[in-house]
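In: What follows is a predicted structure for the sequence shown.
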Amino acid sequence: MLELNDVHVHYGLGHVLQGLSIRVGPGEVVGLFGRNGVGKTTTIKAVAGWLPLTGGDIQFDGQRLSGLSADKVCRLGVGLVPEDRRIFPGLSTQENLEMGFMQGPRLKRAEEQSRLNDIYARFPRLAERRAQAGTTLSGGEQQMLAVARVLLGKPRLLLIDEPTEGLAPMVVDELFSVMRQVKEQGQSILLVEQNVSRALTLCDRFYALERGRVVAEGRTSVPGDVDALMRAIAV
Ligand SMILES: Nc1ncnc2c1ncn2[C@@H]1O[C@H](COP(=O)(O)OP(=O)(O)OP(=O)(O)O)[C@@H](O)[C@H]1O
């Protein structure tokens, strides 16, 4: 479904992704792990069309993503939940959610309403706070809002960057349960997460990165693969 082939990304002279090749299959949850600064966020941003490639290519369902704008990538069914959540100041929770419709194909008002109702049923705390300014929600609620906003567009692939960073254990549980539901509905996820052991309970497969390249990969169901991952990312 998603395929990165020999991808290179530079920030000026900094060669951050140095020939990265990974893939995500339909319905799969794939973890991207590694120490700070190895290029995980850069990978997510490159897929989402936020950063240009300096080499290689990215395919999604047989279509070339590299070179497309972030907007076009989104319309093809790739939803990004960025690390910094991007809650719009001055907008209510509901208005923040509705921004999720701006990026996808144009929908009839009735379809938008029905998707909003589904989201509020799944995220009752957002329903209770629909009129509250998005930036005044708690960290956990803001993260739920960022995930819910992307889910409104019904992407086939979600890119989720460190969703649980700085959140209380109960909120982390909730987020993992939301991601599990997403998986059960057949949507794919490429997940960057510092809480590796927790992420492994959700992921089907994983990659470990080191200096912008894959140094280990495998399946969570294979203990030897997990051991190799843990060795690769040990500090
Ligand atoms: N806008 C930028 N300009 C210059 N260098 C950057 C920029 N963004 C990231 N980098 C550098 O690129 C490298 C990879 O960063 P990236 O954010 O992809 O790492 P990461 O694996 O996601 O790390 P972390 O776990 O700390 O978020 C780092 O050395 C970082 O300092």
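Out: Structure's in. What do you need?
In: correct me, but Ile160 touches Ile189?
Out: Yes. Ile160 is in contact with Ile189 according to CB atoms under 8 Å; the separation is 6.0 Å. C-beta: built from backbone N, CA, C; applies to glycine.
In: which residues do those two both contact?
Out: Both Ile160 and Ile189 are in contact with Met179, where contact means CB atoms under 8 Å, 6 or more residues apart in numbering.
In: contacting residues around the residue nearest to Gly77 when sequence neighbours are not counted?
Out: Across the structure, with CB to CB, 6 or more residues apart in numbering as the measure, the residue nearest Gly77 apart from its sequence neighbours is Arg156 (4.1 Å). Shown here is Arg156, whose contacts under the criterion CB under 8 Å, 6+ apart are Met1, Pro26, Asp61, Gly77, Val78, Gln187, Ser188.
In: List the residues that contact the fifth one.
Out: Translated: Val78. Contact analysis of Val78 by CB under 8 Å, 6+ apart lists Leu2, Val47, Ala48, Phe60, Leu65, Pro155, Arg156, Leu157, Leu159.
In: what does the last one give?
Out: Residues in contact with Ser188 (CB under 8 Å, 6+ apart) are Met1, Leu2, Val24, Gly25, Pro26, Gly27, Glu28, Val29, Val30, Arg156, Leu157, Leu158.
In: Longest helix in this structure, please.
Out: Counting by DSSP state H, the longest helix found in the chain is helix 169-184.
In: So what angle separates the directions of the very next helix or strand once past that one and helix 169-184?
Out: If you walk from helix 169-184 toward the C-terminus, the next helix or strand you reach (DSSP states H and E) is strand 188-192. Orientation check (axes from the mean of the first three to the mean of the last three CA atoms, to 10 degrees): strand 188-192 against helix 169-184 gives 150 degrees.
In: Strand 188-192 pairs with which strands, parallel or anti?
Out: Partner strands and pairing direction for strand 188-192 (DSSP bridges) are strand 29-33 (parallel), strand 157-161 (parallel).
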